[in-house]
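K.L.:
okay, predicted coordinates and the sequence, questions at the end:
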Amino acid sequence: MPGTRPRTHPRTRPADVDGEPLRVLVVVGHPLAGSLVHALAAAYVEGASDAQVRVVDLAVDPVPAHPASIDELRAARDGSTAHLGADVVRYVADLRWADHVVLLFPQWWGTYPAVLKAWVDRTFLSGSAFRYGPGRRWERLLRGRTARIVMTMDSPRWWNRLRYRNAAETSLRHAVLAYCGVRVTGVTRFAEVRHQDAATREAWLRTAARLGAQDARRPRAPRVEHDGSPRPAAV
């Protein structure tokens, strides 16, 4: 998988909102390079060749460090992130840039690996991804964006649904993405991984490529951009 720098594909599809193809951010949430998740991500990126694609691979890209203070979990009151480390600044910029976010990860212990949780904690910032308002209200600052979840697991789908209550998907779909205004367009679960043969895994790669091509054909939708103006209740 590509490392620290964005991968941008040629513009081969009709212009959309502002003359650009869809902007896709692919986040690989597996800490070990060469995994099945990496192969699925590579297939997705190849399929999405009509889109602009950036890749964050948490097996090779820096995993965000634990925050040293509460200020490292939020943007400044003007929306800037200059006070954060360079890696976090880049990840926040990637998220703001994206129209569509693809999260790929293995299910471990009923949820997703710590590297992906660290990326979420340090990237979906108060004042940047969401902003508190008066009382119990808040603003979803990533409205207009979409996401796709792709996960692998050794559990059968029925066990994941009945016993684990789809915990990984529920956490990302509702507690993270929807909370910030991001609409999930699809969830793909590749189940019982260790019991599958090579032919099945090859079929999964074709599925991932097909999902990439499908997403790349989507037009860019208008996004709601916040003004970044200071607000006392923002952070």
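P.N.:
Arrived safely, thanks for sending. Note that the coordinates shown come from a computational prediction; the quantities given were computed from them, not determined experimentally.
K.L.:
list the contacts of E46.
P.N.:
Residues counted as contacts of E46 (C-beta atoms under 8 Å, 6 or more residues apart in numbering) are 209, 212. Where you see a C-beta, it was placed from the backbone N, CA and C, and this is true even at glycine.
K.L.:
hang on, I meant A114
P.N.:
Counting by C-beta under 8 Å, 6+ apart, A114 touches P31.
K.L.:
equivalent analysis for L73, please.
P.N.:
Counting by C-beta under 8 Å, 6+ apart, L73 touches 67, 121-122, 125-126.
K.L.:
what's the answer for A51, then?
P.N.:
Listed by C-beta under 8 Å, 6+ apart, the contact set of A51 reads 9, 13, 21-24, 100, 212, 215-216.
K.L.:
show residues contacting stretch 194-206.
P.N.:
36, 39-40, 43, 154, 190.
K.L.:
what subset of those residues is buried?
P.N.:
Among the contacts of stretch 194-206, those classed as buried by 16 or more other C-beta atoms under 10 Å are 36, 39-40, 43, 190.
K.L.:
buried stuff in the longest helix anywhere in the chain?
P.N.:
Determined from DSSP state H, the single longest helix within the chain is helix 198-216. Judged by neighbour count (16+ other C-beta under 10 Å), helix 198-216 contains these buried residues: 204-205, 207-209, 211-213, 215-216.
K.L.:
sorry, back to before: by neighbours, which of the contacts of L73 wins?
P.N.:
Counting neighbours by other C-beta atoms under 10 Å, L125 comes out on top of these with 25 neighbours.
K.L.:
next step: the contacts of A51 restricted to strands.
P.N.:
Cross-referencing the contacts of A51 against strands under DSSP state E gives 23-24, 100.
K.L.:
just flag the most distant two among the buried ones among the contacts of stretch 194-206.
P.N.:
A43 and F190 (11.6 Å; C-beta to C-beta).
K.L.:
and the helix or strand containing L103, how far from the chain's centre?
P.N.:
Using DSSP states H and E, L103 sits within strand 100-106. From the chain centre to the centre of strand 100-106 is a distance of 5 Å (C-alpha atoms, centre = their mean, to the nearest Å).
K.L.:
so where's the chain shaky on pLDDT?
P.N.:
Scanning the chain for pLDDT under 70 picks out 1-18, 224-235.
K.L.:
try 90 this time
P.N.:
Applying pLDDT under 90 to the chain flags residues 1-20, 65-68, 71-85, 133, 155-166, 192, 221-235.
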